[in-house]
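*Asks:* structure for the following, please:
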Amino acid sequence: MIKRSIKSFIASDGQPMVVLIDEKGIPLFHPNIYAMTKFRTLGRKVSTTEKNLYCIGMAHLWASIQKIDLEHTILNDNFLTIEQFQDLAFFLRLKRTKQDELLIQNIKPSPLSPKQIAKRVENIIYMPSRPQIENTSTSAAEGAFRIKALFHYFKFLLQRSKYRFTKDNFDRFQTNLNYFFTLSPKVRSTGDQD
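*Replies:* Residues are numbered from 1 along each chain as shown. Purely as a prediction, here's the structure:
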């Protein structure tokens, strides 16, 4: 099972720093290079870097469910398809508990025991008149931030790929990436005006 976490520490220059690490405690190369070049060297707050690394960690969780190597797919000839981008955008809009449930369902498809089957049938038969609908999605602003953060990360990876794309492939990748950006919810700031 994939496990990504964020480690905070004080760097040798005395400034706070965060890195995305894997289950063995080893920092991931591409996400941390992205965080260093786009946030730390520009003097952004550690919380901004942490939030972006958190989004990249979610993308890694989605990739493990899909059984793909995220960076390898982006950096090589086979980029993500429109359908994969749609699925990723949907996944990013989910709350973390629901994402973990999807991961567990993907890992352990266990058969139901006769007792579990009977309980599910009872729940269907004696369903309450007004079922409580669980809110499994984040706010529109949070979903938009997650999608836009990954859009910029994917664009960063695409620009640094050693693979020389043909013009058609590059245009297709760019179109897919732009489509992914449009999947972010539209959020307006009301500002200070009444």
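*Asks:* which is the next helix or strand following the lowest-mean-pLDDT helix or strand in the chain?
*Replies:* Ranked by mean pLDDT, DSSP states H and E, the weakest helix or strand in the chain is helix 114-125, scoring a mean of 68. Of the helices and strands lying after helix 114-125 in sequence (DSSP states H and E), the nearest is helix 140-159.
*Asks:* mean confidence (pLDDT) on that next one, please.
*Replies:* Mean pLDDT, computed over helix 140-159, is 93.
*Asks:* who does the helix or strand following that helix touch, helix- and strand-wise?
*Replies:* For helix 140-159, the following helix or strand on the C-terminal side (DSSP H and E) is helix 167-182. Applying 3 or more Cβ pairs under 8 Å, 6 or more residues apart in numbering; DSSP states H and E, we find helix 167-182 packed against helix 82-92, helix 140-159. Bear in mind the C-beta positions are built from the backbone N, C-alpha and C, glycine included.
*Asks:* and helix 167-182, what's buried?
*Replies:* For helix 167-182, a neighbour-count test (16 or more other Cβ atoms under 10 Å) marks F173, N176, L177, F180, F181 as buried.
*Asks:* looking at the helices and strands packed on helix 167-182, which is nearest to D22?
*Replies:* helix 140-159 (16.8 Å; Cβ to Cβ).
*Asks:* wait, which of the helices and strands packed on helix 167-182 is closest to G14?
*Replies:* Across those, closest to G14 is helix 140-159 (Cβ to Cβ), at 27.0 Å.
*Asks:* returning to that earlier point: turn the helices and strands packed on helix 167-182 into a markdown table, including distance to D168 and mean neighbour count.
*Replies:* Listed next are the helices and strands packed on helix 167-182 as a markdown table, based on distance: least, Cβ to Cβ, whole Å; neighbours: other Cβ atoms under 10 Å:
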| stretch | distance to D168 | mean neighbour count |
| --- | --- | --- |
| helix 82-92 | 16 | 17 |
| helix 140-159 | 15 | 18 |
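*Asks:* need those in CSV with distance to E101, can you?
*Replies:* CSV is the format used below for the helices and strands packed on helix 167-182 (distance: least, Cβ to Cβ, whole Å):
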stretch, distance to E101
helix 82-92, 12
helix 140-159, 18
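*Asks:* among those, which is nearest R40?
*Replies:* Short answer: helix 140-159, nearest of the helices and strands packed on helix 167-182 by Cβ to Cβ, at 14.0 Å.
*Asks:* okay, the angle between the closest one and helix 82-92?
*Replies:* Relative orientation of helix 140-159 and helix 82-92, computed by axes from the mean of the first three to the mean of the last three Cα atoms, to 10 degrees: 140 degrees.
*Asks:* next, the angle from helix 140-159 to helix 167-182.
*Replies:* Going by the same axes, to 10 degrees, helix 140-159 makes 160 degrees with helix 167-182.
*Asks:* where does pLDDT dip in the chain?
*Replies:* 1, 77, 107-113, 116-133, 164, 189-194 (pLDDT under 70).
*Asks:* again, 90 this time
*Replies:* Applying pLDDT under 90 to the chain picks out residues 1-4, 11, 13-15, 40-45, 65, 70-81, 95-138, 157-174, 186-194.
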